[in-house]
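Chemist: next one to model:
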Amino acid sequence: MKYRGIRFKLLLYFVAVMLLPLLTLGILSPFISAKTIENETTGHMRQLIRQVTRNIEFYVKKMEGIILTLTEDQNIQTFFEAGNNNEQFTGKRAEAVNNLLFTVSEANPEIAGIFLVNENDENLSNEIQPITRDPLIQEPWYICAVLTPSVIQLRPRPIGRNLKMPYSADDVVSIIKGVKNPKTGECLGVVLIDMKLDVVENIFINMTLGQGGFLYIEDAQGEIVYAPVNDIVYRVRTEWLTVPNPNRIPDETANQGISIVRKIKGENYQIIAQESAVTEWKTVGVFPLKEIMRQVSSIRYYSFIIAGVTVAFAFLASVLFAGTIAKPVIKLRTLMKKAEEGNLDVRYDGNDEDEINYLGKSFNTLLERIQKLIDMVYHEQQSKREAELRALQEQIKPHFLYNTLDTIQWMAQDHKADDIVQIVTALTSLFRIGLSKGQEIIKLSDEIEHVRSYLIIQKARYEDKFDFSLSVDDDVIPTMVLKLTLQPLVENAIYHGVKEREGHGFISVEACKRDGMLILRVSDDGAGMSQAKLTAVRALLSEAPVKRNDKVGYGISNVNERIQISFGKEYGLRFESELNKGTTVELLHPLIHAEGGR
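Modeler: Below you'll find the predicted structure:
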């Protein structure tokens, strides 16, 4: 094979690659198909069972929540604690309770009736009344609820109760729970809600398992809660679903459910059951395995037909494909060899619209880009030298202005113009720290001094429109910060805060440590922002970087962007504001020590 041409190799590979899967398909296809279909069916059954279980648990928890809501009502608490014959439980309270029960029933159409019984054998209800005068507190459902008041009781089809309802007991599930005295823990009575079985029936609608499969529900005692019209369901024995047996298949994904195969009426059925931790009911799925074998036989029949036709066409196609693929590959390899030798002017000129032609076009594009990159590197080196020269010229101008201001300061001192000296000193400091010898990370003390100089200049400009204070904790004085981060925030506080308010304003600048971070806080008592504007500002900080020609929010966006690019998204600006009360901006910055470590 080492000395064979690409055409021969392609023909051999094509034939081998197509024959091997076909032979494997004929041997393993029935087994794999049966296993796959069985797994898919089992998975579908488990999914439906979990869905049914979750839906039923939802309604039961909803009823339990309604019971809790009712027992928290003051009037109902009075009924359970004092009884309806007590002077505390007046006619108005009874009317209020009846109205509440009616409202709850109307708001929850799945509720058929609500019944309250206290320990004095007194009752209240919107739909249910006792049939005889026999004590309700001696009813089995009442006694069971009182003995275990913390556990909700479920009784499907509650036939034989001493209760009269405007509906059939076969159509409801009773949900019963004891009511405990929150102080003593004693059981004061029972709340009973009859939930319509229509809820369960609606859950089962459109949930089918093939032509012969079905789902049903049984309670903890093995009694049927709901089942479709099917004679198979009554042949599924309860002990199959509870007693371990050698045929049981481990089923960890079904929440400790079981999966077994049993023969019913001469046919094998797969049975999957899952017990609800909330209701203790079992949701059971039953599916006939003959449906799987019927599909496997159909797959085997069509697989043999397709395999025979495919082998015939595959050999003819292999001969053709080997020639059409080998020729352009050989041509492209020759061009690549020339390009390796340094000839970047070669080009592939194939006509077919296939992958080889796309590869040739990519080869052409690659050569063109290499040529462009060579030219680009040359021009970039030239542009870099020009940019370095311009940067040097731009640095000369600020230094010249800084030296001139220094001269003006000395001249003002000679003429005893102290106010001019203060302003020029502040401006000189502003330029000195702004330059910082080209450094981006400066001392926190320099950044605070930069803001102090800016505030002095602005205070003089606005003629005592505001006062300011600077506060720095001792433990953050040695730290380093990103240059020019505070000045835009202070400028924002002046122009959009104290300048917009009536009367004298105040701006405070603080630096402290919190949660392992450096916190720089700028606060003002100015005009503040509305909730809508505050939301817009926060959204601005979370969006993409602001365009350079967009003046709205440029300063704060620039500061936020610089911090997050330098240190990460967990740092940046945080705004808090209230209209007519002021604004506070916190700058979250990592703690950087003078030697460069965090």
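Chemist: contacts and neighbour counts: CA atoms only from here.
Modeler: Fine.
Chemist: can you give me the helices in the stretch 251-400 of the chain?
Modeler: Applying DSSP state H, counting those that start in this stretch to the stretch 251-400 of the chain gives helices spanning 290-340, 355-414.
Chemist: comparing those helices by mean pLDDT, which bottoms out?
Modeler: Mean pLDDT across the helices of the stretch 251-400 of the chain is lowest at helix 355-414; the value there is a mean of 67.
Chemist: so this protein: which segments form each domain?
Modeler: In terms of domains, the chain is parsed into 73-200, 365-415, 417-590 (source: automatic domain parsing).
Chemist: what's the least confident stretch among these?
Modeler: domain 365-415 (a mean of 64).
Chemist: my read: residue 139 touches residue 161, true?
Modeler: Yes. Applying C-alpha atoms under 8 Å as the test, residue 139 and residue 161 come out as touching, 7.5 Å apart.
Chemist: mind putting the domains of the chain in JSON lines, distance to residue 241 and mean neighbour count included?
Modeler: Formatted as JSON lines, the domains of the chain follow (distance: least, C-alpha to C-alpha, whole Å; neighbours: other C-alpha atoms under 10 Å):
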{"stretch": "domain 73-200", "distance to residue 241": "20", "mean neighbour count": "17"}
{"stretch": "domain 365-415", "distance to residue 241": "67", "mean neighbour count": "13"}
{"stretch": "domain 417-590", "distance to residue 241": "54", "mean neighbour count": "17"}
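Chemist: ok, which of the ones you listed comes nearest residue 292?
Modeler: Judged by C-alpha to C-alpha, the one of the domains of the chain that comes nearest to residue 292 is domain 73-200, at 28.7 Å.
Chemist: how far is the closest one from where the chain is centred?
Modeler: Distance, stretch centre to chain centre, for domain 73-200: 41 Å (C-alpha atoms, centre = their mean, to the nearest Å).
Chemist: can you give me the end-to-end span of it?
Modeler: Distance between the two ends of domain 73-200: 29 Å, counting by C-alpha to C-alpha, to the nearest Å.
Chemist: now the angle from the lengthiest helix in the chain to helix 290-340?
Modeler: Of all the elements of type helix in the chain, the one with the most residues (DSSP state H) is helix 6-71. With axes from the mean of the first three to the mean of the last three C-alpha atoms, to 10 degrees applied, the angle from helix 6-71 to helix 290-340 works out at 130 degrees.
Chemist: elements contacting helix 6-71?
Modeler: Helix 6-71 sits against strand 172-180, helix 198-204, strand 267-275, strand 282-288, helix 290-340, with contacts defined as 3 or more C-alpha pairs under 8 Å, 6 or more residues apart in numbering; DSSP states H and E.
Chemist: what about that helix, average pLDDT?
Modeler: Helix 6-71 carries an average pLDDT of 79.
Chemist: same thing with stretch 267-274?
Modeler: 84.
Chemist: could you dump it to PDB, C-alpha only?
Modeler: The C-alpha coordinates for stretch 267-274 follow below in PDB (Å, rounded to 0.1, in the frame of the first residue of the first chain):
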ATOM      1  CA  GLU A 267     -48.000 -11.800  26.400                       C
ATOM      2  CA  ASN A 268     -44.900 -10.200  27.900                       C
ATOM      3  CA  TYR A 269     -45.500  -6.700  29.400                       C
ATOM      4  CA  GLN A 270     -42.900  -4.200  30.700                       C
ATOM      5  CA  ILE A 271     -44.100  -2.700  33.900                       C
ATOM      6  CA  ILE A 272     -42.500   0.400  35.400                       C
ATOM      7  CA  ALA A 273     -43.700   1.900  38.700                       C
ATOM      8  CA  GLN A 274     -42.700   4.900  40.700                       C
END
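Chemist: roughly how far does residue 99 sit from residue 68?
Modeler: Separation of residue 99 from residue 68 (C-alpha to C-alpha) stands at 17 Å.
Chemist: tell me which residues touch residue 64, please.
Modeler: 152, 175 (C-alpha atoms under 8 Å, 6 or more residues apart in numbering).
Chemist: mind redoing it with 10 Å?
Modeler: Going by C-alpha atoms under 10 Å, 6 or more residues apart in numbering, residue 64 touches 58, 70, 152, 175-177, 191, 193.
Chemist: same deal with residue 372?
Modeler: Counting by C-alpha under 10 Å, 6+ apart, residue 372 makes contact with 366, 378.
Chemist: ok, it to residue 366 distance?
Modeler: 10 Å.
Chemist: and if you look at residue 135?
Modeler: Per C-alpha to C-alpha, residue 135 is found 94 Å from residue 366.
Chemist: repeat that for residue 73.
Modeler: Counting by C-alpha to C-alpha - residue 73 and residue 366 are separated by 78 Å.
Chemist: likewise for residue 53?
Modeler: For residue 53, the distance to residue 366 - C-alpha to C-alpha - is 60 Å.
Chemist: likewise residue 575?
Modeler: Per C-alpha to C-alpha, residue 575 is found 50 Å from residue 366.
Chemist: ok, which of the helices and strands packed on helix 6-71 comes nearest residue 475?
Modeler: In terms of C-alpha to C-alpha, the element of those nearest to residue 475 is strand 172-180, at 56.6 Å.
Chemist: now for that closest one, which elements pack on it?
Modeler: Applying 3 or more C-alpha pairs under 10 Å, 6 or more residues apart in numbering; DSSP states H and E, one finds that strand 172-180 contacts helix 6-71, helix 74-82, strand 111-118, helix 140-147, strand 153-156, strand 187-196, helix 198-204.
Chemist: 6 Å instead, please
Modeler: Strand 172-180 makes packing contacts with helix 140-147, strand 153-156, strand 187-196 when contacts are defined by 3 or more C-alpha pairs under 6 Å, 6 or more residues apart in numbering; DSSP states H and E.
Chemist: partners of the last one in the sheet?
Modeler: Here the strand partners of strand 187-196, with direction, are listed using DSSP bridges: strand 111-118 (antiparallel), strand 172-180 (antiparallel).
Chemist: any idea how far the closest residue to residue 465 other than its chain neighbours lies from residue 526?
Modeler: In space, and not counting its chain neighbours, residue 465 is closest to residue 504: 5.4 Å by C-alpha to C-alpha, 6 or more residues apart in numbering. For residue 504, the distance to residue 526 (C-alpha to C-alpha) stands at 9 Å.
Chemist: likewise residue 180?
Modeler: When C-alpha to C-alpha is the yardstick, residue 180 and residue 526 sit 56 Å from each other.
Chemist: then residue 62?
Modeler: Distance from residue 62 to residue 526, by C-alpha to C-alpha: 51 Å.
Chemist: likewise residue 214?
Modeler: Residue 214 is 71 Å from residue 526, by C-alpha to C-alpha.
Chemist: show me what counts as buried in stretch 317-334.
Modeler: Judged by neighbour count using 16 or more other C-alpha atoms under 10 Å, the buried positions of stretch 317-334 are 318-319, 322, 325-326, 328, 332.
Chemist: which one of these sits closest to residue 78?
Modeler: Nearest to residue 78, judged by C-alpha to C-alpha, of the buried residues of stretch 317-334 is residue 318 at 89.4 Å.
Chemist: can you give me phi and psi for the nearest residue to residue 570 once chain neighbours are set aside?
Modeler: Among residues not flanking residue 570 along the chain, residue 564 sits closest, at 7.4 Å (C-alpha to C-alpha, 6+ apart). As for residue 564, its main-chain torsions (degrees, to the nearest 10) stand at phi -70, psi -30.
Chemist: same question for the one 4 residues further on.
Modeler: Geometry field for residue 568 lists phi and psi as phi 120, psi 160, criterion degrees, to the nearest 10.
Chemist: likewise the one 10 residues further on?
Modeler: When quoted as degrees, to the nearest 10, the phi and psi of residue 578 stand at phi -140, psi 130.
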